[in-house]
Structure formats: structure tokens, C-alpha cells
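1. Sequence and predicted structure are below.
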Amino acid sequence: MGKILVVDDERAIRRALREILEFEEFEVDEAENGKQGLDKAKAEQYDVIFCDIKMPEMDGMEVLDGLLKAKVDAPVIMISGHGNIETAVQAIKKGAFDFIEKPLDLNRILVTIRNAKDRNVLIEEKKV
């Protein structure tokens, strides 16, 4: 159905997202920090990337910058338990596809993925 990368320093969040997404028949990769996530995103093709904002060493906004510089074209969905409207707007302005607050809502996750995949289809059609 699609390949998704989950970048989050919290093992419980990665595990919960993996369970939800695998139940929906997505292939899921995980990264436990921003650098690992950026390296994986550069090395492989993903349909969607979930990225936490607050992480040690390299935070989600730095990961987003790195993804944009590397021209990784997968939609990036930022997630955070510490987010506010200002952070969400900043992430979207930088190029994130969407912003979801923790605790993560199953329906919101699935709708956002569907919208991101629809965006991918439109972009591919536009290239042809």
C-alpha cells in the first residue's frame, strides 16, 4: 500500500505508529533520531515521512530543512506533543505537508496519509 518512515525519539510512539500503519498494510521503517531519519530518507524512497519536532541532537525542523535541501520529495508530516499554532505554522511554511499533535488520533493519521498520497499522485500526473 505504501512505505512510511517514522522518525521519533520515543520508542512508544514509533511502536504505536508502526502497529497502526502495519494494520493498514503499510510498510514501516523507523528512525530513533533526526540524523538516522535524514540518512534513511536520503537512501530510500518513502511515500510519507512522519517526523517528531522535539528530539535531542537534531530536531524535527532541522530534519525538515535537511530533507528539503536533499530534495526528498515525500510529504513530511510533523508530529509533536509540545507543539503550538506557531510551531505548526512555521513547519508548514518551511514545507511540511501537515502537523499533527500528540496524542496521535488514528482517524487523523489515516486521513492525512490519504491526502498526502493523493498529493503524490497529482504531482506525478503533473510531471507526465
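-> Sure, I can see it. Residues are numbered from 1 along each chain as shown.

2. Could you report the neighbour count for L64?
-> Using other C-beta atoms under 10 Å, the number of residues around L64 comes to 23. Yep, even glycine has a C-beta here, placed from its N, CA and C like the rest.

3. I figured it hits I92, correct?
-> No. Between L64 and I92 there is no contact under C-beta atoms under 8 Å: 10.2 Å.

4. for this protein, what spans make up the strands?
-> 3-7, 27-31, 48-52, 76-80, 98-101 (DSSP state E).

5. elements contacting the helix ranked longest in the chain?
-> The longest helix of the chain (DSSP state H) is helix 106-127. Packing partners of helix 106-127 (3 or more C-beta pairs under 8 Å, 6 or more residues apart in numbering; DSSP states H and E): helix 11-23, strand 48-52, strand 76-80, strand 98-101.

6. Go again with 7 Å.
-> Applying 3 or more C-beta pairs under 7 Å, 6 or more residues apart in numbering; DSSP states H and E, we find helix 106-127 packed against strand 98-101.

7. Distance from the chain centre to the strand it packs on, please.
-> 9 Å (C-alpha atoms, centre = their mean, to the nearest Å).
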